[in-house]
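Colleague: A structural model of the following input is requested.
(one chain, ligands or ions: 2)
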Amino acid sequence: MTAVLATIRDFEAAARARLDPAHYDYFAGGAGDEVTVKANEAAFARLGLLPRVLRGAGTPQIGVTLLGSRMAMPVLVAPTAFHRLADPEGEKATARAVAAAETIMIVSMAATVAVEDVAAAAPGATLWFQLYVQPDMAFTEAIVRRAEKAGCAALVVTVDSPARGRRDQDVRNGFDDLPEGMHCENLRDGDGDHDADGDGDRGPVRPIVMSPAISWEHVDLLRRMTRLPIVLKGVTHPADARLALDHGVSALYVSNHGGRQLDTVPATVDLLPEIVAAVGGAVPVLVDGGIRRGTDVVKALALGASAVAVGRPVIWGLAAGGECGVARVLEMLRDEVEHALTLCGLASVRDLEPGLVRRC
Ligand SMILES: Cc1cc2nc3c(=O)[nH]c(=O)nc-3n(C[C@H](O)[C@H](O)[C@H](O)COP(=O)(O)O)c2cc1C
Ligand SMILES: O=C(O)C(=O)c1ccccc1
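Modeller: Numbers count the residues shown, from 1 in each chain. Ligands and ions are numbered 1, 2, ... in the order given. Next up is the predicted model:
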């Protein structure tokens with residue numbers, strides 16, 4: 001008898017059993033000594049929850065609206081690269097599961113399915129697009145126009161990658177490129193009319209450039225380039241949170257890239273309160289890194305996040321069971337968030353406040 005997969009950790013074990021070991025290592029791993037990878041999860045375990053009792057709160061409301069996008073739970077799908085390494089349908093499968101869960105998928109610029117095809121595969125899904133600013137701003141603009149045209153509702157600009165993180169396990173495994181026939185489809189040259197003449201030739205794929213020359217000026221250029229709300233992803237320093245507000249961003253997204261960029265950045269949930277204080281309610285604050293349980297979601301929201309995102313859990317769902325696997329992972333998180341709030345004695349995610357969390 002196959003055991004039922006009851007938790008995200010069960011899905012990770014199932015994914016590990018199915019994936020090529022080099023691909024599992026790529027998905028699971030992080031930079032350097034993986035101090036940050038471990039810190040993200042460990043920090044949630046060190047925070048305790050103090051439930052309130054006898055409040056007669058009933059079944060809690062857990063839906064939220066973020067930058068005009070309504071979601072059934074305060075959990076987004078973080079942008080992650082290369083979904084076709086986990087399942088042949090790749091990002092299309094993820095998007096269909098996201099539509100069913102009524103949440104938001106942040107489509108990675110490094111997706112292995114073009115953003116137009118992701119949108120077409122899941123008409124009901126709310127999509128945001130993640131961008132690494134390319135030094136060739138004309139090329140960056142072409143990508144932004146593709147995301148707009150595909151119906152993406154926000155632009156998530158990742159700013160923690162002035163260089164690619166060094167992942168030693170990828171070096172040992174010799175994993176440095178996608179297999180034959182898989183490409184970063186959002187990096188095709190041109191306007192995304194990627195097979196205009198129907199001959200199957202979609203044009204050359206450019207490599208993703210991670211450039212240390214990217215600056216606040218590029219954020220200003222993007223701000224003028226598009227009417228989409230801009231979410232800055234990868235902010236960890238409170239001074240940068242304040243600068244981001246001066247540059248007109250619509251939301252901040254606290255992230256250390258799941259420990260895959262600079263190693264030894266502290267756990268995101270520990271950085272969150274200072275960023276929330278710096279932002280002072282001016283814009284929503286999102287956070288990701290190490291969220292594996294409904295109680296983790298509740299802690300992050302209590303400490304001031306408007307919503308959280310999950311990266312690896314979605315990959316584990318996809319690798320273990322394709323679209324159904326992702327749907328199940330999202331459903332489990334939804335159910336766990338509702339259950340945790342009920343046990344906290346709260347009627348709504350809006351009632352979460354820092355007094356519910358204790359450092360133990
Ligand atoms: C396999 C993998 C690929 C990723 N690719 C991207 C990406 O293309 N763009 C990006 O902004 N972040 C990327 N990230 C970072 C995630 O968006 C997110 O910050 C991180 O996974 C959150 O931590 P968690 O995996 O513990 O939930 C990637 C993460 C993983 C694990
Ligand atoms: O692996 C990653 O974390 C990541 O962000 C990325 C970015 C570009 C291409 C492939 C992966």
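Colleague: where does the stretch 51-200 of the chain have low pLDDT?
Modeller: 191-200 (pLDDT under 70).
Colleague: Show me the strands in it, by range?
Modeller: Taking DSSP state E, counting those that start in this stretch as the criterion, the stretch 51-200 of the chain contains strands spanning 64-66, 69-71, 75-77, 104-107, 126-131, 155-158.
Colleague: I'd assumed Pro162 was in contact with Pro212.
Modeller: Yes - the criterion here is CB atoms under 8 Å, and Pro212 meets it with Pro162 at 4.0 Å. Placement of C-beta: from N, CA and C, glycine included.
Colleague: More neighbours: those two, which one.
Modeller: For Pro212 versus Pro162, the count of surrounding residues by other CB atoms under 10 Å is larger for Pro162: 13 against 8.
Colleague: contacting residues for the more buried one?
Modeller: Residues counted as contacts of Pro162 (CB atoms under 8 Å, 6 or more residues apart in numbering) are 210-212, 214.
Colleague: Spatially nearest residue to Met73 (excluding sequence neighbours)?
Modeller: In space, and not counting its chain neighbours, Met73 is closest to Arg334: 4.6 Å by CB to CB, 6 or more residues apart in numbering.
Colleague: what's the pLDDT at that neighbour?
Modeller: At Arg334, the pLDDT value in this model is 98.
Colleague: What helix or strand is it located in?
Modeller: Assigned by DSSP states H and E, Arg334 falls within helix 312-344.
Colleague: again, but for Leu232
Modeller: In the assignment (DSSP H and E), Leu232 maps to strand 230-235.
Colleague: what pairs with that strand, and is each one parallel or antiparallel?
Modeller: Neighbouring strands of strand 230-235 in its sheet, by DSSP bridges, are strand 155-158 (parallel), strand 251-254 (parallel).
Colleague: Which single residue of the stretch 201-350 of the chain ends up nearest ligand 2?
Modeller: Nearest residue of the stretch 201-350 of the chain to ligand 2 (CB to the nearest ligand atom) works out as Arg260 at 4.3 Å.
Colleague: So that residue is in contact with Phe27, correct?
Modeller: No - in this structure, Arg260 is not within contact of Phe27 by CB under 8 Å, at 10.1 Å.
Colleague: Look up how far Asp263 lies from Ala22.
Modeller: Using CB to CB, to the nearest Å, Ala22 is found at 21 Å from Asp263.
Colleague: of the two, who's got more company?
Modeller: Neighbours were counted for Ala22 and for Asp263 using other CB under 10 Å; Asp263 has more, 19 against 14.
Colleague: Now the more buried one: closest residue in space, sequence neighbours ignored.
Modeller: Closest residue to Asp263 apart from its sequence neighbours, by CB to CB, 6+ apart: Gly32 at 3.1 Å.
Colleague: So the one you found sits against Asp168, correct?
Modeller: Yes - taking contacts as CB under 8 Å, Gly32 lies within contact range of Asp168: 7.3 Å.
Colleague: Report the buried residues of the helix holding Arg334.
Modeller: Using 16 or more other CB atoms under 10 Å as the test for burial, helix 312-344 gives 312-323, 325-330, 332-334, 336-338, 340-341, 343-344.
Colleague: mind listing what the residue nearest to Val357 when sequence neighbours are not counted touches?
Modeller: Spatial nearest neighbour of Val357, excluding adjacent residues (CB to CB, 6+ apart): Ala302 at 4.9 Å. Contacts for Ala302 were tallied using CB under 8 Å, 6+ apart; they are 49, 352-354, 356-357.
Colleague: What parts of the stretch 1-150 of the chain come near ligand 1?
Modeller: 27, 40, 78-81, 108, 110, 130 (CB under 6 Å from any ligand atom).
Colleague: quick revisit: take the strands paired with strand 230-235 and write them to CSV, including mean neighbour count and distance to ligand 1.
Modeller: What follows is those, written out as CSV (neighbours: other CB atoms under 10 Å; distance: least, CB to the nearest ligand atom, whole Å):
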stretch, mean neighbour count, distance to ligand 1
strand 155-158, 25, 4
strand 251-254, 26, 8
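Colleague: if I read this right, the residue nearest to Met73 contacts Ala97, doesn't it?
Modeller: No - assessed by CB under 8 Å, Arg334 is found out of contact with Ala97, at 12.0 Å.
Colleague: Compute the number of surrounding residues for Ile8.
Modeller: 22.
Colleague: er, Pro88 I mean
Modeller: Pro88 has 10 neighbours, counted by other CB under 10 Å.
Colleague: And for Gln61?
Modeller: Count around Gln61 with other CB under 10 Å applied: 15.
Colleague: can you tell me the residue of this structure closest to ligand 1?
Modeller: Among all residues of the chain, Gly311 sits closest to ligand 1, at 2.1 Å; criterion: CB to the nearest ligand atom.
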